[in-house]
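Chemist: Return atomic coordinates for the entry below.
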Amino acid sequence: MSSQSTSPEAATQVELTPLALVNLTGVFIVVGATSSLFGPLLVTFSHHFSISLAKAGEVVSVYFVGALIGVLPGWWGLKHTTGRRVLTISLIAVAAGTLASGLVHSWTVFLASLFLLGLGFGSLDMSLNVLLSRTAAEGRAHRLSIVNAGYGLGAVICPLLIVLAHPRNFPGVFIGISLVALLLTTFNRGVHAPPLKAEVLQTQISAHKAQRWPILLTFIFAYIFYVAMETSASGWMSSQLQRGGFSTSVGSFITAAFWMGMTIGRSLGGPLHRILNDRGLILGGLVLAIFADLGGISNHVALVSYPLLGLILASVFPMGLLWYTRLLPHDSDGITILIFAMMAGGVIGPGGVSLLVSHFGVHVIPYAFASFAAIDLAIFASILRFKPIELN
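Modeler: Below is the predicted model of the structure:
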């Protein structure tokens with residue numbers, strides 16, 4: 001038997017067949033589809049359930065509270081059972097949550113259904129990224145970028161489906177996503193992901209506490225503000241445009257264009273990484289994001305600047321994971337803590353914007369986006385002071 005097959009790294013390395021990689025991309029398409037439903041439908045939810053727009057904005061926060069909690073059972077599963085089983089159970093939770101969301105008529109029960117959907121999302125988001133970070137180093141940037149591009153593709157598809165089906169028929173879209181999630185559970189056989197509980201290299205990383213925790217905590221805050229920015233933008237840009245005089249269809253198209261920009265940007269992540277590296281893509285993207293956000297002060301300029309924002313932000317998430325794994329190699333626990341904590345951004349960001357909108361109106365939305373981007377830029381820039389931890 002070769003030394004490669006018996007090394008600590010090989011013992012827990014994830015192997016994916018080509019079909020499995022396609023299926024994981026499909027899973028991320030579903031995850032992106034569910035996440036992008038809420039923004040274009042906030043006004044519809046307000047009318048359907050006879051509530052205010054600010055109250056309708058609670059759906060995003062409830063969804064991300066579920067996602068925050070969902071990371072924990074997903075991580076326990078990765079530690080004690082196979083990655084394939086975790087993916088299957090998480091997809092079933094997504095299917096149950098979307099099915100219930102499409103069938104109920106009570107606002108309270110609807111929120112409870114979205115919480116269940118969030119649980120599945122949190123587990124999938126964490127599991128997929130941890131599994132991809134454990135694949136072979138050769139081609140890892142490409143795999144992370146391509147599979148995460150699936151998230152953007154799903155987020156493009158759903159707003160367009162809402163336009164085609166008409167917003168008032170949103171329950172049918174939820175039920176359709178439920179069926180797709182169940183179908184994807186049948187294609188997980190090509191995922192070879194052994195439990196993480198015996199990972200030796202993780203123990204070595206954990207021993208460097210004095211070096212590890214400052215890096216991990218800085219990345220946590222950077223990702224919290226990144227997720228706050230991304231979820232706020234995707235969740236509120238449509239409402240801003242609708243209250244600015246544009247139709248629901250226009251708001252949905254711009255949200256779809258934002259996610260199309262995200263998809264294109266992430267698909268180009270591998271080639272761009274070879275030219276600019278992870279740090280350049282992140283810091284340069286956040287600088288440009290501030291200007292794109294401020295362009296949204298004009299509703300007419302926003303029709304262009306918000307789709308560009310998706311293209312600009314595309315590389316921040318996957319390249320941030322690459323940057324982290326370069327500083328702290330084989331730190332699967334750290335990536336899980338990072339993803340768990342960053343779900344708070346999905347609560348803080350849209351919730352904060354809801355609060356601001358209730359006090360100052362929709363005109364405050366682009367300023368809130370730009371503030372998140374500026375704070376995130378400062379935090380990511382501070383990571384430049386860290387050097388990689390070297391393992392024995």
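Chemist: what's the spacing between Val227 and Gln13?
Modeler: Distance, Val227 to Gln13, by C-beta to C-beta, to the nearest Å: 28 Å. C-beta: built from backbone N, CA, C; applies to glycine.
Chemist: out of the two, which sits in the more crowded spot?
Modeler: Val227 (27 against 18; other C-beta atoms under 10 Å).
Chemist: With adjacent residues omitted, what lies nearest to Ile254?
Modeler: The shortest distance from Ile254 to any non-neighbouring residue, by C-beta to C-beta, 6 or more residues apart in numbering, is to Tyr306 (5.5 Å).
Chemist: What lies in contact with whichever strand or helix holds that neighbour?
Modeler: Using DSSP states H and E, Tyr306 sits in helix 299-313. For helix 299-313, contacts defined as C-beta atoms under 8 Å, 6 or more residues apart in numbering pick out 152, 226, 229-230, 233, 237, 240-241, 244-246, 250, 254, 257-265, 285, 288-289, 292-293, 295-296, 366, 369.
Chemist: Buried subset of these, written for ChimeraX?
Modeler: Command for ChimeraX, covering only those of the contacts of helix 299-313 found buried under the criterion 16 or more other C-beta atoms under 10 Å:
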select :152,226,229,230,233,237,240,241,244,246,250,254,257,258,259,260,261,262,263,264,265,285,288,289,292,293,295,296,366,369
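Chemist: Inside helices: which ones of the contacts of helix 299-313?
Modeler: Secondary structure defined by DSSP state H assigns 152, 226, 229-230, 233, 237, 240-241, 250, 254, 257-265, 285, 288-289, 292-293, 295, 366, 369 of the contacts of helix 299-313 to helices.
Chemist: now the strands for the chain?
Modeler: 15-16, 191-192 (DSSP state E).
Chemist: can you redo the ones you listed as TSV with mean neighbour count, distance to Val362 and mean pLDDT?
Modeler: Shown next, in TSV, are the strands of the chain (neighbours: other C-beta atoms under 10 Å; distance: least, C-beta to C-beta, whole Å; pLDDT from 0 to 100):
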stretch	mean neighbour count	distance to Val362	mean pLDDT
strand 15-16	18	43	82
strand 191-192	20	43	86
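Chemist: Take these and lay them out in CSV including distance to Ala165.
Modeler: Listed next are the strands of the chain as CSV, based on distance: least, C-beta to C-beta, whole Å:
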stretch, distance to Ala165
strand 15-16, 34
strand 191-192, 32
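Chemist: ok, back up a step: the residue nearest to Ile254: neighbour count?
Modeler: 26.
Chemist: before we move on, the earlier item: send the alpha carbons of the helix holding Tyr306 over as PDB?
Modeler: Only the C-alpha atoms of helix 299-313 are listed here, as PDB (Å, rounded to 0.1, in the frame of the first residue of the first chain):
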ATOM      1  CA  ASN A 299     -33.100  53.900  -8.600                       C
ATOM      2  CA  HIS A 300     -32.300  54.200 -12.300                       C
ATOM      3  CA  VAL A 301     -28.500  53.700 -11.800                       C
ATOM      4  CA  ALA A 302     -29.400  50.800  -9.500                       C
ATOM      5  CA  LEU A 303     -30.700  48.900 -12.500                       C
ATOM      6  CA  VAL A 304     -27.100  48.600 -13.600                       C
ATOM      7  CA  SER A 305     -25.100  48.900 -10.400                       C
ATOM      8  CA  TYR A 306     -26.900  46.100  -8.500                       C
ATOM      9  CA  PRO A 307     -26.300  43.500 -11.200                       C
ATOM     10  CA  LEU A 308     -22.600  44.600 -11.300                       C
ATOM     11  CA  LEU A 309     -22.500  44.200  -7.500                       C
ATOM     12  CA  GLY A 310     -23.100  40.500  -7.900                       C
ATOM     13  CA  LEU A 311     -20.300  40.200 -10.400                       C
ATOM     14  CA  ILE A 312     -18.000  42.200  -8.100                       C
ATOM     15  CA  LEU A 313     -18.800  40.200  -4.900                       C
END
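Chemist: Could you give me the buried positions within it?
Modeler: Quick answer for helix 299-313 (16+ other C-beta under 10 Å): Asn299, Ala302, Leu303, Ser305, Tyr306, Pro307, Leu308, Leu309, Gly310, Leu311, Ile312, Leu313.
Chemist: same thing with stretch 58-77?
Modeler: Buried residues in stretch 58-77 (16+ other C-beta under 10 Å): 58-71, 73-75, 77.
Chemist: so of those, which ones are in helices?
Modeler: 58-71, 73-75, 77.
Chemist: chain center to stretch 355-364, what's the gap?
Modeler: Averaging C-alpha positions (C-alpha atoms, centre = their mean, to the nearest Å) puts stretch 355-364 25 Å from its chain's average.
Chemist: And the contacts of that stretch?
Modeler: 52-54, 57, 236, 239-240, 243-244, 297, 353, 365, 368.
Chemist: buried set for that stretch?
Modeler: Leu356, Val357, Val362, Val364.
Chemist: ends of it, how far apart?
Modeler: 10 Å (C-alpha to C-alpha, to the nearest Å).
Chemist: Show me which positions of stretch 274-289 end up buried.
Modeler: Leu276, Asp278, Arg279, Leu281, Ile282, Leu283, Gly285, Leu286, Leu288, Ala289.
Chemist: got those residues as a markdown table, with pLDDT and distance to Phe28 columns?
Modeler: Shown next, in a markdown table, are the buried residues of stretch 274-289 (pLDDT from 0 to 100; distance: C-beta to C-beta, whole Å):
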| residue | pLDDT | distance to Phe28 |
| --- | --- | --- |
| Leu276 | 79 | 24 |
| Asp278 | 84 | 20 |
| Arg279 | 90 | 24 |
| Leu281 | 90 | 19 |
| Ile282 | 93 | 20 |
| Leu283 | 94 | 25 |
| Gly285 | 92 | 20 |
| Leu286 | 95 | 23 |
| Leu288 | 95 | 24 |
| Ala289 | 95 | 22 |
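Chemist: follow-up on the earlier one: would you mind checking the contacts of stretch 355-364 for buried ones?
Modeler: By neighbour count, with 16+ other C-beta under 10 Å, the contacts of stretch 355-364 hold Leu53, Ala54, Gly57, Trp236, Ser239, Gln240, Arg243, Gly244, Val353, Ile365, Ala368 as buried.
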